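[1] Here is the input, now give the coordinates:
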Amino acid sequence: MPGAGAALPLLAYDLPRSGWKWLAWAGPACALIPWAAGRASLDEAFLLLAITVLAEALSWRCGQELALGEKLHETQDDLSDKVLALRGKMQELEDARVSETQAAALAERTRIAREIHDSVGHMLTRLVLEVEALKVVHRDDAAATGELEELSGGLNEALSSMRTSVHALDDSAHDLGTELNRLGRESGIAEVAVDCRIEELPPREVFRCFVAVTREALTNAARHARAGRASVHVAEMPGIWQLRIVNDGAVPEEASELEEQGMGLRSMRERVESLGGTFAVTADGKQFSVFASVPRRRQA
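    Numbers count the residues shown, from 1 in each chain. Okay, here's the model as predicted:
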């Protein structure tokens, strides 16, 4: 059927992209069969051969375009993943920069408060003692004693005001989130996520308790559990302050006997319960959790 040769280019279009490379030669070979069988002239055979070869060339070119398109999509997906990862790293670096800046500012406040307390405070205290000594020396002079009494009252008022200002400055120099992030960086655990989104600064005793519990919990996770990840979460509720520390280290399935084995859990419990709070540890074989809550009404 010489007329059926017109379908040969369509059939040959998919041959170069088949699983068998040798089939690419089958199309041109079939184009010469009508001429070899005497059913078509040489010109017709060459025309069919040219069209068949062109169809296979277009098929090969189309296969290249599809492969390049797939590779381009893979490259775009890979670049998108890398961009997202870089954005995450940039956000982490920005958070770390903000945390370091805030920590430096708070450390400077603490230094200033201590310097004022050590220099100005001691100077005012010495002046108060000297005035008191002069009052004793001039106790028989009513006029001098009155003036010294007035001077002593002014110095005591200045000393009291200075101490109030120093305490306020020292209190503002402590930020719980910054301190917890510092503990996470220094814990030796590869990844420590800190979530401390609170609007009000906890009282000093709660601050110290949470910092001590977090330090002990992260130290245990790094030294004893060989944890690779940990999370620290602080929550502010109407009636309580909550602290939860979780790590993925190697822990026993039961945590009830851990306090008897040491590991600082007993001291953590004593710190929390001394503030009227609740302390608990849980372990499920996959992660270890330390939970502490302190009522806010006790720090009114």
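
[2] Compute the number of surrounding residues for T101.
    Using other CB atoms under 10 Å, T101 has 11 neighbouring residues. For the C-beta atoms, the positions are set from N, CA and C on the backbone; glycine is no exception.

[3] so it, which of the three states?
    helix (DSSP: H, G, I helix; E, B strand; the rest coil).

[4] how far away is it from E94?
    Applying CB to CB, to the nearest Å, the value for T101 to E94 is 11 Å.

[5] D141 now?
    68 Å.

[6] Check A143 too.
    66 Å.

[7] ditto for R163
    38 Å.

[8] how far out from the middle of the chain is stretch 48-66?
    54 Å (CA atoms, centre = their mean, to the nearest Å).

[9] So which bits of that stretch are buried?
    Going by neighbour count (16 or more other CB atoms under 10 Å), the buried part of stretch 48-66 is 48-49, 51-53, 55-56, 59.

[10] Just the mean pLDDT for that stretch, thanks.
    For stretch 48-66, the mean pLDDT works out to 78.

[11] try stretch 95-106
    Stretch 95-106 shows a mean pLDDT of 72.

[12] Repeat that for stretch 164-171.
    65.

[13] Make residue 1 into 38 and carry on from there
    Got it, the first residue is 38 from now on, which makes the last one we talked about stretch 201-208.

[14] quick one: least confident helix or strand in this protein?
    The weakest-scoring helix or strand in the chain, judged by mean pLDDT, DSSP states H and E, is helix 70-73 (a mean of 63).

[15] got any ranges where the protein has weak pLDDT?
    For the chain, applying pLDDT under 70 flags the ranges 38-45, 47-48, 50-82, 136, 139-140, 143, 147, 203-211, 288-300, 334-337.

[16] For the chain, which segments count as helices?
    Taking DSSP state H as the criterion, the chain carries its helices at 45-49, 63-68, 70-73, 79-153, 159-174, 179-209, 213-223, 241-260, 302-311.

[17] what would those look like in a markdown table with distance to G276?
    Below are the helices of the chain laid out as a markdown table (distance: least, CB to CB, whole Å):
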| stretch | distance to G276 |
| --- | --- |
| helix 45-49 | 79 |
| helix 63-68 | 83 |
| helix 70-73 | 93 |
| helix 79-153 | 28 |
| helix 159-174 | 41 |
| helix 179-209 | 23 |
| helix 213-223 | 18 |
| helix 241-260 | 13 |
| helix 302-311 | 16 |
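
[18] before we move on, back to that, just want to know which of R200 and E131 has more residues nearby.
    Shown here are R200 and E131; by other CB under 10 Å, R200 has more neighbours (15 against 10).

[19] which residue sits closest to the more buried one in space, ignoring its chain neighbours?
    Distances taken as CB to CB, 6 or more residues apart in numbering place G158 nearest to R200, at 6.9 Å, with adjacent residues excluded.

[20] what about the one you found, neighbour count?
    Neighbour tally, G158, other CB under 10 Å: 16.

[21] do the same with the one 4 residues further on
    Using other CB under 10 Å, T162 has 13 other residues around it.

[22] what does V157 give?
    Neighbour number of V157 under other CB under 10 Å is 16.

[23] Then S326?
    Count around S326 with other CB under 10 Å applied: 17.

[24] looking at it, it is touching D285, isn't it?
    No - using CB atoms under 8 Å, S326 is not in contact with D285, being 10.7 Å away.

[25] Contact partners for the spatially most central residue of the chain?
    Nearest to the mean C-alpha position of the chain, counting by CA atoms, centre = their mean, stands A230 at 4.3 Å. A230 makes contacts with 221, 266-269, as judged by CB atoms under 8 Å, 6 or more residues apart in numbering.
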